[in-house]
Each structure stands twice: as C-alpha cells, then as structure tokens.
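Asker: what follows is a predicted structure for the sequence shown.
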Amino acid sequence: MKTQDKVVPKPWGSERIFAANERYAGKLISIRRGESLSYQYHRVKEETLHVLSGILGLETESEGKRILLALTPGETFHVTPGTRHRMFAEGGDVLIVEVSSPELDDVVRLEDRYGREGTSRP
C-alpha cells in the first residue's frame, strides 16, 4: 500500500513521518547545526535511533548522572521508556532514522530552549 509522508516542521529542523500505524512508527529526523531537541522522556514510547549522516550529540542519564555521547553514521542507540535524553547537532547538520512504538505524542519535556517545556506540541 502506497502512503504519503507527513513532514512536521520543528524549531530545530524537521521530522518526516514515513510510517505510522497501530504497531510501529518510522521517521527521518533532520537536526540543523547548532540546534537541539528537548531534554525529555517518554512514558510508553520506545525508540531506536540510527544515524545516517553527521555526528549526533546525545545527552542521556544513567544513575542520576548526565552522559554525553557522540554517534556517527551507522551507529544506533536504543531509548527505553523513562530514559531521559536529548539529541543535538553541534558540528553540522544531522540526519537520523527513528523507528519506534506508535505513541508519537508521548513526550514529557523537562527542558526546552524553544519555550515548549511541559508541552507535547511540535
């Protein structure tokens, strides 16, 4: 079955949703150089991030301590429900694939440089 992508503009870049049904979702996420997503977690949503191009900065938390990672093309990171995390593009534009469970609006924003803290709006 042929479907149409849905592009969601974001203050940090864009999301191109290429699959969304009751079992899974798939997105291409484009983050512009110098931009950052919210520091957030998901109550139910589970996602896997795979870097296609650029260097993805990933801030995550383990045992109450924030950890900074740099993922390069071909590298993958799995985000389980409740994991606090933030993606950013420090050195250049970044393109990633996100494959997740279908709860696309399940986001709890803890920090956000674009004034969206405490909301789930795009």
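Answerer: Ah, there it is.

Asker: the closest residue to H85 other than its chain neighbours is in what secondary structure piece?
Answerer: Distances taken as CB to CB, 6 or more residues apart in numbering place T60 nearest to H85, at 4.6 Å, with adjacent residues excluded. Backbone N, C-alpha and C define where each C-beta goes, glycine included. T60 belongs to strand 56-62 when elements are defined using DSSP states H and E.

Asker: L95 too?
Answerer: Taking DSSP H and E as the criterion, L95 maps to strand 94-100.

Asker: give the pairing partners of that strand; include direction for each.
Answerer: strand 25-31 (antiparallel), strand 47-53 (antiparallel) (DSSP bridges).

Asker: residues in contact with the last one: which ones?
Answerer: So the one you mean is strand 47-53. Residues outside strand 47-53 that contact it (CB atoms under 8 Å, 6 or more residues apart in numbering): 28, 56, 58, 71-79, 87, 93-101.

Asker: select only the buried ones of those in PyMOL?
Answerer: If you want just the buried ones from the contacts of strand 47-53 in PyMOL, going by 16 or more other CB atoms under 10 Å, the selection is:
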select buried, resi 28+56+58+71+77+79+87+94+95+96+98+100
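
Asker: pretty sure the residue nearest to H85 sits against R66.
Answerer: Yes: taking contacts as CB atoms under 8 Å, T60 lies within contact range of R66: 7.3 Å.

Asker: quick one, which of these two is more surrounded?
Answerer: T60 (18 against 12; other CB atoms under 10 Å).

Asker: and the residue most central in space within the chain, what helix or strand is that in?
Answerer: Nearest residue to the geometric centre of the chain (CA atoms, centre = their mean): M87, 6.2 Å. Assigned by DSSP H and E, M87 falls within strand 85-88.
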